[in-house]
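no sequence on hand, only this structure:
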């Protein structure tokens, strides 16, 4: 039976057209019209967490490895960017890229454990220990990191323009997040993304197709570390002070929850999960005690009714949300 | 014709277990060679040692005149030795199309930066692979399920996807591990017809593990019989049918 691609109906083609996603950053340009400085800060935080979740999902969702070094990538990116700005006097963009690179290096280190056959619960424990070790270093290498007092991050400038308001940070963050998410989407919808998902499904069968599995495991970790490292650099600039406690286990649970609520292995889901889980606790912050309750309730509800995350709910009605691993 | 694949006195001994002992065989272009034998005879081990999943403890394996034992599975696959697995090996989360595209991996030669930035060249290479994958699925009659997740397909369709995925790069040697098991007779016949055509028209060399003896007798040019890790016979189907050792070891005493 031969199907003619042009015979597919117009709605089907439109629905499958991921170019519609380009509308999102364009619409987001108008968000500052609706915010005050506080809500704008929360929106900026969402952009940071979009990259945190997108990066984390590559390793736990797409590659399917129980690696929990995400807060390590996040912290390393934050400290590297912050230190380069504070001590080397680099402008934001020139400090952010090495920040991402340091995250990538941490990703490489984490991948080495996975390659050496440390998998599943063992990998989980080793990577958790990595995150806690980094936190210990932030506290005790206080000559460099300023310890528990925190590292003050100077005002970021981009090509001479000082990011002295939340709105200015927003436009710069939006540009960074759009570029990094688009790059990740390009990778996932290519032979790279297919190789990574194939390894999760069946590593032996993947190798039987001539795909160097070890190389793609390293690549997934490195790209994940880079994306989360970039998020760390943005976080440093957004908060203005990098403290070790930002990168503990509670933070890790928060990252994991974003990916889970959004949907493992779904890029659109990561974006959605990060936005929802940044907004909900902030909204309930004004009702003391409710914040944690709503956070917990949301997790339980999603697990019960949408075990594959919010993305699976949208994918039911909008084919656009189905994660595809190719492009035509 | 010269041998494409040559096993010379290959042994695989695990601690205390002799999975294969001194097996020699050759595979030639355009030839379908069936490997039969009772359970535990070493058939799958034979495939695993050829494709690099287990190491040979003795002997030599050459493919197109080059030594391949000691290489990793993906290196051997990249040389053109492709295999299927007894229990599927499909990527269930991906669609049929994406499975076949994964098989075409090594033919899409775009670099990392090209893919990251979605350059024109990278997108063109991808588009070409997608249309080739769709054509291949159409060719075996399952083009209409190309966009469905592989895990939702019927057993026969899944087997076809796996075969197409394995064949997508036109490998000169194909190892099929029980491709017909669990298939309805019409699907099985169709599969066998495809296999025959591959050997006859494309000159692919095929090694085939199969339990259904009627199928083996009909489809193969040569039959190799393994028993307890050793090759006990090799010959044309009608010769094997008459072989005393084979009758005793495999078909039962009678």
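Cool, the structure landed. Bear in mind the structure is a predicted one, so any value in this text is a computation, not a measurement. Residues are numbered from 1 along each chain as shown, chains lettered A, B, ... in the order given.

contacts, neighbours, all on C-alpha from now
Noted.

buried residues in the lowest-mean-pLDDT helix or strand in chain B?
Across the helices and strands of chain B, mean pLDDT, DSSP states H and E gives its lowest value to helix B:244-246, namely a mean of 78. Under the neighbour-count criterion of 16 or more other C-alpha atoms under 10 Å in any protein chain shown, helix B:244-246 has B:245, B:246 buried.

stretch B:144-155 now?
Buried residues in stretch B:144-155, counted by 16+ other C-alpha under 10 Å: B:145, B:146, B:149, B:150, B:153, B:155.

before we move on, what about stretch B:126-138?
B:126, B:127, B:129, B:130, B:132, B:133, B:134, B:135, B:136, B:137, B:138.

out of the residues you listed, which touch chain A?
B:126, B:127, B:130, B:138 (C-alpha under 8 Å from any C-alpha of the partner chain).

just put those residues in TSV and tack on secondary structure, distance to residue B:86 and pLDDT.
Shown next, in TSV, are those (DSSP: H, G, I helix; E, B strand; the rest coil; distance: C-alpha to C-alpha, whole Å; pLDDT from 0 to 100):
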residue	secondary structure	distance to residue B:86	pLDDT
B:126	helix	30	94
B:127	helix	31	94
B:130	helix	27	95
B:138	helix	24	94
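
where do the strands sit along the chain?
This is for chain A. A:151-152, A:157-158, A:161-162, A:241-242 (DSSP state E).

wrong one, I was asking about chain B
With DSSP E as the criterion, chain B has strands at B:5-14, B:17-27, B:32-36, B:58-63, B:66-67, B:81-83, B:173-177, B:205-209, B:222-227, B:230-235.

for residue A:258, which of those is the nearest?
Closest to residue A:258 of those, according to C-alpha to C-alpha: strand B:81-83, at 39.2 Å.

near chain A at all, that closest one?
Yes: taking C-alpha under 8 Å from any C-alpha as the criterion, strand B:81-83 and chain A are in contact, through B:82, B:83.

quick check: buried residues in that strand?
Within strand B:81-83, the residues that qualify as buried are B:81, B:82, B:83, counting by 16+ other C-alpha under 10 Å.

shaky segments in chain B?
Applying pLDDT under 70 to chain B flags the ranges B:1, B:250-254.

tell me which parts of it are close to chain A?
B:51, B:73-78, B:82-85, B:89-94, B:98, B:101-103, B:105-106, B:108, B:115-118, B:123, B:126-127, B:130, B:138, B:141-144, B:166.

go with 7 Å
Proximity of chain B to chain A (C-alpha under 7 Å from any C-alpha of the partner chain) is limited to residues B:73-75, B:77-78, B:82-83, B:89, B:91-92, B:98, B:102-103, B:105-106, B:115-118, B:126-127, B:130, B:138, B:141-144, B:166.

what about the helices in chain B?
With DSSP state H as the criterion, chain B has helices at B:43-50, B:73-78, B:96-103, B:112-117, B:120-139, B:155-167, B:185-202, B:213-219, B:237-242, B:244-246.

any idea of the angle the longest one forms with helix B:96-103?
Note on geometry: by axes from the mean of the first three to the mean of the last three C-alpha atoms, to 10 degrees, helix B:120-139 and helix B:96-103 are set 120 degrees apart in direction.
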